[in-house]
Structure formats: structure tokens, C-alpha cells
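Q: Sequence isn't available, so here's the structure alone:
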């Protein structure tokens, strides 16, 4: 049995929807929905999201893996914190060296 | 000094995230710096590395007010490489705190699920301060409820399903006073 998307009735253009005027396009699957939860993929259409660096599709921030290509998201702090620590260590070492010579 | 000079370039960054027919009203550029409790020890430890660390930990935001919602883009780089997108509906927004100083305008959205706080420098963009205060004012004002919420609760779900139809108004009770209950005459069989 193949998956059948739920039946949805589109309101006429300009009809009031959950965001004030008409249906909204789900940022994740591209389906048109009238409710905050997408009728097609079930995700919250207003949830914070980020673009996948590989396939550029939108992924909810809470999901650690892209639903389209499966790539894992990495926080910027993973490389920023080591770099900051390295800069401070270099600065301290340089100041000690300068004072010693 | 200004982070962005071309407003059209900034507005173009929002185009992929707009719904069909959605219009942008205001755009502002804001930043969120790390906590002052972290910045002060870093500056005491070493000034120049502290400045670099603060710059690296500072998040940049573009906030747009549209006719339907507020869109927040967290980005990096001068080409507006979007890192994260958040949005807040105008008709159902959480409590908002806004303040304006001589240099910065502050905006705080106390959403438990997606809190947002940023400050907007008056030189961030042309008219950045006015744009930020316009966004804060739009968020602070009570917005009218969407049409389906103006109906009684028993009709709201029906309106969301069939918004193009006319809905019956709840029947008003007749103005004629009801007749008081008449007790049967005594002695009559029940």
C-alpha cells in the first residue's frame, strides 16, 4: 500500500489562514498547508530551521541530521573554542618570551 | 562603519524564506554578544585575544517584519550566509521587551521555545534604529486575532476546515420572557 498524503482542501486565494492570509508553504517539504503542522510531513512550519550545508534543504534545528541527505550538523563552537584557547595560549607564551629576552 | 549599506541586498536575503504574497515592511541588523561575565575575564586575561574571542562569539542577526510575521536570520559573512531561520507570528507572539538607548536599541522576545535577544546599533544599517523600533512596536502591539478565532469555539475548527463558507451565527435567544413554571393545581392527579 503506497503512502497517500492526507486530503486537504485549499481555500480560495486571499482566504484567511493561520498566518493571516491564505495557506503557507512548508519550508521543509514544500507542501501547502493551512495549519501550523504540515499536512504532508508533519513538521512544525514555524520551527527554527537551518539550511543543510550539503544539499541546502531546510532542516529543523532540533534534528541533528539532515532528513534529505543524512549529513550531520556540526556546531561552530567545535572549532571556535579550540581556536580561542590557542590564541590565548599564544598570547601568554609570546608575552613570557618577550619579557625573558 | 555600517555593516550593510544596500537595503535591497539585505532584503534579497529574505526572499527564499517569504511565503507567497508576503511583503517585507522593516528590516534591521542586530547582534548578540557573549555574556559580559565571559567578556570581562577574557579582556583581563589578554586584551587583543579577548577582542578576537568576542568577535568570534558574537552572533549576527537580520530581523524582518512582514505583514504576517517576524523573520529572524542568523547569518555570517558579508554575503549573508544564513545559519538559522526563526519566525514569530504577529497574532500570537510571546511577550516582547524593547528599549532604546542613545546608541543601541534592544529587543528581547521571551519565547520559551525559541528566545531571542539582540541589540541594534544605530549605525548597523541606514535607519537601523528606526527599523528596529518599528519592529519592536509591531511586536508589542496587541494584534487582532485571526478570523477563525473570532468565532465561538464550537465554530473555530469548522472555520479552519471550510473558511470560504458562511457560518451560522449562534442563535439568539428569543426576547420574549419565558413563562414561569406553572405548578399543577392541587388535587389534580399527577
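A: Received the coordinates, thanks. All values derive from a computational prediction rather than experimental measurement. Residues are numbered from 1 along each chain as shown, chains lettered A, B, ... in the order given.
Q: CA atoms for contacts and neighbours, from now on please.
A: Will do.
Q: quick one: contacts for residue B:118?
A: B:30-32, B:61, B:106-108 (C-alpha atoms under 8 Å, 6 or more residues apart in numbering or on different chains).
Q: Ok, residue B:25 next?
A: Here residue B:25 is in contact with B:64-67 (C-alpha under 8 Å, 6+ apart).
Q: name the element it belongs to?
A: Using DSSP states H and E, residue B:25 falls within strand B:24-32.
Q: now that strand: how far from the chain's centre is it?
A: Offset of strand B:24-32 from its chain centre (C-alpha atoms, centre = their mean, to the nearest Å): 12 Å.
Q: what mean pLDDT would you report for that strand?
A: Averaged across strand B:24-32, pLDDT comes to 94.
Q: Work out which residue lies at the spatial centre of chain B.
A: Most central in chain B under C-alpha atoms, centre = their mean is residue B:88, positioned 3.7 Å from the mean C-alpha point.
Q: does that residue really touch residue B:70, like I thought?
A: Yes: using C-alpha atoms under 8 Å, residue B:88 is in contact with residue B:70, at 5.1 Å.
Q: what do the two both touch?
A: With C-alpha under 8 Å, 6+ apart, residue B:88 and residue B:70 have no common neighbours.
Q: Buried ones in stretch A:41-56, by neighbour count?
A: Using 16 or more other C-alpha atoms under 10 Å in any protein chain shown as the burial criterion, the residues of stretch A:41-56 that qualify are A:43-52.
Q: hmm, it touching chain B?
A: Yes: with C-alpha under 8 Å from any C-alpha of the partner chain as the criterion, chain B is reached by stretch A:41-56 at A:46-51.
Q: end-to-end on that stretch?
A: 18 Å (C-alpha to C-alpha, to the nearest Å).
Q: just how off-centre is that stretch within its chain?
A: Centre-to-centre, stretch A:41-56 and its host chain are 4 Å apart (C-alpha atoms, centre = their mean).
Q: contacts for it?
A: A:26-29, A:36-38, A:57-61, A:66, A:68-69, A:71, A:73, B:82-88, B:114.
Q: hang on, the earlier thing: name the nearest of the contacts of residue B:118 relative to chain A.
A: Distance to chain A across the contacts of residue B:118 (C-alpha to the nearest C-alpha) is lowest for residue B:61, with 13.6 Å.
Q: how about low-confidence regions in the chain?
A: Assuming you mean chain A. Filtered on pLDDT under 70, chain A yields the residue ranges A:1-22.
Q: nope, chain B please
A: Scanning chain B for pLDDT under 70 picks out B:1, B:91-93, B:142-190.
Q: Which stretches in it count as helices?
A: B:7-14, B:36-45, B:47-57, B:128-140, B:153-161 (DSSP state H).
Q: Chain A is nearest to which of those?
A: Minimum separation from chain A across these (C-alpha to the nearest C-alpha) falls at helix B:47-57, 5.8 Å.
Q: If you count contacts, what does the closest one end up packed against?
A: helix A:77-100, helix B:36-45 (3 or more C-alpha pairs under 8 Å, 6 or more residues apart in numbering or on different chains; DSSP states H and E).
Q: Quickly check: the first one near chain B or not.
A: Yes: with C-alpha under 8 Å from any C-alpha as the measure, helix A:77-100 is seen reaching chain B through A:80, A:84, A:87-88, A:91-92.
Q: Filter those down to the buried ones, PyMOL style.
A: Only the buried members of the residues of helix A:77-100 next to chain B enter the following PyMOL selection, criterion being 16+ other C-alpha under 10 Å:
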select buried, chain A and resi 84+87+88+91
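Q: which residue is nearest the middle of chain A?
A: Note: chain A centre (C-alpha atoms, centre = their mean) maps to residue A:50, 2.1 Å.
Q: State the phi and psi torsions of that one.
A: When read as degrees, to the nearest 10, the backbone of residue A:50 gives phi -140, psi 150.
Q: Quick one: the strands in chain A, in order.
A: Ranges of strands in chain A, per DSSP state E, are A:24-25, A:32-33, A:49-51, A:58-60.
Q: Can you lay out the helices of chain B as a markdown table showing mean neighbour count?
A: Converted to a markdown table, the helices of chain B look like this (neighbours: other C-alpha atoms under 10 Å in any protein chain shown):
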| stretch | mean neighbour count |
| --- | --- |
| helix B:7-14 | 14 |
| helix B:36-45 | 13 |
| helix B:47-57 | 17 |
| helix B:128-140 | 21 |
| helix B:153-161 | 15 |
